[in-house]
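In: any chance you can model this:
(one chain, ligands or ions: 1)
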Amino acid sequence: MSNTIPSKSESEVLVKVEGLSKKFCKDLKTSLWYGVKDLLSGMGGNKNDRELRPKEFWAVKDVSFELRRGECLGLIGHNGAGKSTLLKILNGLINPDAGKVTIKGRVGALIELGAGFNPILSGRENIYNNGAVLGFSRKEITEKLDDIIAFAELEEFIDMPVQNYSSGMKVRLGFAVAAQMEPDVLIIDEVLAVGDVAFRMKCYNRILELIDRTAVIFVSHSLGQILRVCSKAMTMDIGQIVYNGGLEKAVTVYEKLYLNKKIGDLKIVEKTSGSFIKNVSLFDKNEKPETDFSTGEDVFVKIQLYSEEPIYKTRLRVCIESINIGPLGAFSSPFSEVYFDLKEKEQKEVVVSIKDLPLQIGSYNIIVGWYGDDDNPVIDIKNFGTHLNVVSPEVKMLAYGTDGFFRFKHEWIKK
Ligand SMILES: Nc1ncnc2c1ncn2[C@@H]1O[C@H](COP(=O)(O)OP(=O)(O)OP(=O)(O)O)[C@@H](O)[C@H]1O
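Out: Prediction:
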């Protein structure tokens, strides 16, 4: 028998999800009525779980994936994408309508705030209850008790009923129980965000400590957190997996979805008469149209302007926006003393280069504004539709230092 640690691709599959689906009903009364009908038809063996009836929708649809020991899967998706529903099915809190979940070993989970705790029992009593549910004996729990209480930093409050705990205290106790009980599978939902920053950092460090012997599923809206903690990621939209694989691609897919949704929501009407920006597109250094770039590459923004009337001394401004945060930076042509004149019915092409792109992995939106004189301050603004995707270099763990938006030019000096 070999003593070498198995590589991740050889290590044991701890979570196997096959064709998982769960539907909900948008209306409570109809939902109750369907419940009664299902019960009766179920008794008659006539249940059709794969069909949607009026007012029903798929919260999770045909989801399949595997997770091995040593892997940490980040689950990302917009509000209502189905992330929490999927985690609740994995943790056995709700039953799927179709599909199968196979989990090997103990599951530690932090899903809903206070879920799994009995509010009238003290923190200490709840630790014993939760430990027992996970299959630990009283002696084993007593051995771990001090570590759990210390990790949760609840020494003073451990004998107080959990119903009197603050949200942060409940999260601390929940995470401490889930993570200190040496689970094989650890499931962490967004609730971790309720804890303060120092506690969250402690939790990430604990997850990193556990990773070699655990399979972790981690949901967060913070892409920074996902990039910091996870080794792979899955993007969900409307109950389905739209991407499952590398971190950087999953983040880009998620941000693109967000951008498209934003465009859809705003129902943008583009200006197409008078003077207007006809198009904004991106090119690489070989003048090839491109949307995917690497940190450090040169990006060329091509702006097509058109004017029916002659206009003089106009200015252009380019702003780069992060989808989650907003504007990251902008530059305007007057700073370089560059202005644009257009004759009657003239089309003009302007190219501005962004040298040595300082942005890190993610999807960004380019906004171009065209401005005239005091009488005509805003000629046109093209807000959406030009994505700049930064797709490499690959993101690894925190130690590789790819947090945040910018990569600063830097040099290490050893003395
Ligand atoms: N018990 C329920 N009854 C009816 N609909 C539900 C129920 N639980 C969730 N849903 C619906 O299922 C969909 C998926 O919800 P879910 O909470 O899984 O999304 P999510 O990706 O976790 O969202 P968020 O990021 O906002 O937490 C939503 O439309 C939600 O309204």
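In: which residues in the chain form helices?
Out: 28-43, 83-90, 123-133, 138-152, 167-180, 197-210, 223-229, 247-266 (DSSP state H).
In: mean pLDDT added to those, as JSON lines?
Out: Below are the helices of the chain laid out as JSON lines (pLDDT from 0 to 100):
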{"stretch": "helix 28-43", "mean pLDDT": "77"}
{"stretch": "helix 83-90", "mean pLDDT": "93"}
{"stretch": "helix 123-133", "mean pLDDT": "90"}
{"stretch": "helix 138-152", "mean pLDDT": "92"}
{"stretch": "helix 167-180", "mean pLDDT": "89"}
{"stretch": "helix 197-210", "mean pLDDT": "84"}
{"stretch": "helix 223-229", "mean pLDDT": "77"}
{"stretch": "helix 247-266", "mean pLDDT": "74"}
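In: out of those, which gets nearest to the ligand?
Out: Closest to the ligand of the helices of the chain is helix 83-90 (Cβ to the nearest ligand atom; 3.3 Å). Quick note: C-beta positions are derived from backbone N, CA and C, even for glycine.
In: nearest to residue 327, out of the helices of the chain?
Out: When the helices of the chain are compared by Cβ to Cβ, helix 247-266 sits nearest residue 327, at 14.4 Å.
In: what residues sit buried inside the closest one?
Out: 247-259 (16 or more other Cβ atoms under 10 Å).
In: I'd like the helices of the chain as CSV, with distance to residue 102 appended.
Out: Converted to CSV, the helices of the chain look like this (distance: least, Cβ to Cβ, whole Å):
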stretch, distance to residue 102
helix 28-43, 24
helix 83-90, 10
helix 123-133, 20
helix 138-152, 25
helix 167-180, 20
helix 197-210, 21
helix 223-229, 24
helix 247-266, 24
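In: give me the below-cutoff pLDDT ranges for the stretch 201-350 of the chain.
Out: 259, 262-269, 324 (pLDDT under 70).
In: look at residue 385 and report its pLDDT.
Out: At residue 385, the predicted lDDT confidence score is 72.
In: next one: the one 3 residues further on
Out: Looking at residue 388, its pLDDT reads 89.
In: bridging residues for it?
Out: Assessed by DSSP bridges, residue 388 has beta-bridge partners residue 364.
In: what about it, neighbour count?
Out: Residue 388: 21 surrounding residues under other Cβ atoms under 10 Å.
In: and it, what does it touch?
Out: 282, 291, 293, 299, 320, 359, 363-366 (Cβ atoms under 8 Å, 6 or more residues apart in numbering).
In: now the residues you listed in JSON lines, with neighbour count and distance to the ligand?
Out: Compiled in JSON lines, those are given as follows (neighbours: other Cβ atoms under 10 Å; distance: Cβ to the nearest ligand atom, whole Å):
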{"residue": "282", "neighbour count": "20", "distance to the ligand": "31"}
{"residue": "291", "neighbour count": "16", "distance to the ligand": "27"}
{"residue": "293", "neighbour count": "20", "distance to the ligand": "29"}
{"residue": "299", "neighbour count": "22", "distance to the ligand": "32"}
{"residue": "320", "neighbour count": "21", "distance to the ligand": "26"}
{"residue": "359", "neighbour count": "24", "distance to the ligand": "26"}
{"residue": "363", "neighbour count": "22", "distance to the ligand": "19"}
{"residue": "364", "neighbour count": "20", "distance to the ligand": "22"}
{"residue": "365", "neighbour count": "23", "distance to the ligand": "22"}
{"residue": "366", "neighbour count": "22", "distance to the ligand": "27"}
